[in-house]
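Chemist: below is the structure, and that's it, no one-letter string:
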């Protein structure tokens, strides 16, 4: 008798919403305790100094620093912001899984929780970084929007919570202004997005352009942050890339004669090598009021070199055609580019990023292909798929922004792309199942492209000369 009832009990347990919530809470607590009070990177160390000193600038996200300062009376150190980000992270996954469960998709809800427990995500979210705040806030907005659609209207508390999440997510990274427009359109202009991807992209571009000066105003006037020189860092990085790739020092104008040609200052991997290898020259040019003019002039004179520089940096940021541990190698001098010591975590992260379902380049292909597969007219009014399309568009635009607004290379930059695409894949599972049964050509092409991209990445890991990153 007990044997006959066992499958029924298991079935009931899996379909219970309390199982989903309990699993999410257990994973959240395990995640928090795993590396409590959180790992501290250099950027967060600077932010913590701002928290304790009360002096803020906008080189690092002042919205995160201000939030941290509000939590600081609770406890010193990283613990408050670490716990807050992980609470936000798991709130987003539990809420999204719960909403799928309420739409008679309990297994999909559990898979969403499983996505939250992806090892690569855990290895990122235990670090105090802005990317965790951005991805968590935006995913939570999607979950809350689905809740509103199910309940048939907005409550005051939901409006406040969504507003705070959008505010935090938009300001926590400079290029988040490119990620938030699809979410705003989801909330305020869903009828416009039904017209298709071109309309969504055009409206998103307009909103992003408006948000750029708005975010700067909020950072400096509302949040009280002084200019930190982030734009100057981007401009100098671009100029040095153009000089290195074009061989034309004259774009530096009065600084051309002081260019340290023997120092190998530039690497497309990150701007940090400029300050390490050529500190005096970097400080001199970066502090010059002529830098914006030099930047514009160098791009006008050598647009091809600028494009090459940006593509090299994008390739590095997405860990595509690069050797193993290429970020660590970029810190080494060109004549002594030996692989530096890496921690076990660094080795694991570098290995994980080559797995097809975790590779940023492969995920971009999946995100675009998935959007095409669920973007047809027959799916445009299905609420879950509407949310998935908004996530995918947000992640794609956010990733595309790195082509022009980026000065470094870290796997954490792809966190929102990975989270949005993997959760959207779970949401779109019924559609994908039908296309798989029908042997849909789009699905086959996307699968082949992902295999091809990953094959190129693996080929690069074994063949690319380390001088590509060291320059």
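Modeler: Cool, got the structure. These figures come from a predicted structure and were not determined experimentally. Residues are numbered from 1 along each chain as shown.
Chemist: gap between the two ends of stretch 424-435?
Modeler: 16 Å (CA to CA, to the nearest Å).
Chemist: for it, buried residues please.
Modeler: Of all the residues in stretch 424-435, those buried under the rule 16 or more other CB atoms under 10 Å are 424, 425, 426, 427, 428, 431, 432, 435. (Glycine included, C-beta is placed from N, CA and C.)
Chemist: from residue 249, how far off is the first one?
Modeler: When you say that, I think you mean residue 424. Residue 424 is 47 Å from residue 249, where distance means CB to CB, to the nearest Å.
Chemist: also the third one?
Modeler: Separation of residue 426 from residue 249 (CB to CB): 52 Å.
Chemist: which one is residue 315 nearest to, not counting chain neighbours?
Modeler: residue 321 (5.6 Å; CB to CB, 6 or more residues apart in numbering).
Chemist: before we move on, what about residue 99?
Modeler: residue 146 (4.1 Å).
Chemist: and that neighbour, what pLDDT?
Modeler: Among the per-residue scores, residue 146 holds a pLDDT of 95.
Chemist: so, low pLDDT: which residues of the stretch 101-250 of the chain?
Modeler: Residue ranges of the stretch 101-250 of the chain with pLDDT under 70: 190-196.
Chemist: and the helix or strand hosting residue 371, what does it pack onto?
Modeler: Using DSSP states H and E, residue 371 sits within helix 360-374. Contacting helix 360-374 under the criterion 3 or more CB pairs under 8 Å, 6 or more residues apart in numbering; DSSP states H and E are the following elements: helix 383-401, helix 415-427, helix 429-437, helix 441-463.
Chemist: what angle separates the first one from helix 360-374?
Modeler: Spelled out, it's helix 383-401. 140 degrees (axes from the mean of the first three to the mean of the last three CA atoms, to 10 degrees).
Chemist: on contacts alone, who are the packing partners of helix 383-401?
Modeler: For helix 383-401, the packing partners by 3+ CB pairs under 8 Å, 6+ apart are helix 130-151, helix 181-188, helix 190-193, helix 197-217, helix 360-374, helix 415-427.
Chemist: now, of those, which is deepest in the fold?
Modeler: helix 415-427 (a mean of 25; mean count of other CB atoms under 10 Å).
Chemist: pLDDT of that helix, averaged?
Modeler: pLDDT averaged over helix 415-427 gives 96.
Chemist: distance from the chain centre to that helix, please.
Modeler: Once both centres are worked out by CA atoms, centre = their mean, to the nearest Å, helix 415-427 turns out to sit 11 Å from its chain's centre.
Chemist: got the contact list for that helix?
Modeler: 93, 96, 100, 108, 111-112, 115, 118, 120-121, 124, 131-132, 134-135, 138-139, 179, 357-358, 360, 363-364, 366-367, 370, 384-385, 387-389, 391-392, 394-396, 398-399, 432 (CB atoms under 8 Å, 6 or more residues apart in numbering).
Chemist: make JSON lines from the helices and strands packed on helix 383-401 and add distance to residue 328 to it.
Modeler: Shown next, in JSON lines, are the helices and strands packed on helix 383-401 (distance: least, CB to CB, whole Å):
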{"stretch": "helix 130-151", "distance to residue 328": "19"}
{"stretch": "helix 181-188", "distance to residue 328": "35"}
{"stretch": "helix 190-193", "distance to residue 328": "42"}
{"stretch": "helix 197-217", "distance to residue 328": "32"}
{"stretch": "helix 360-374", "distance to residue 328": "18"}
{"stretch": "helix 415-427", "distance to residue 328": "20"}
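Chemist: closest to residue 69 out of those?
Modeler: Evaluated with CB to CB, the helices and strands packed on helix 383-401 place helix 130-151 nearest to residue 69, the distance being 14.5 Å.
Chemist: what packs against that closest one?
Modeler: Looks like helix 130-151 contacts helix 79-102, helix 119-125, helix 156-171, helix 181-188, helix 383-401, helix 415-427 (3+ CB pairs under 8 Å, 6+ apart).
Chemist: check which residues of the fifth one are buried.
Modeler: Counting neighbours by 16+ other CB under 10 Å, one finds that the buried residues in helix 383-401 are 384-401.
Chemist: residues in contact with stretch 271-290?
Modeler: With CB under 8 Å, 6+ apart, stretch 271-290 has contacts from 229, 232-233, 236-237, 239-240, 252-255, 258-260, 263-267, 291, 294, 330-331, 333, 407-408.
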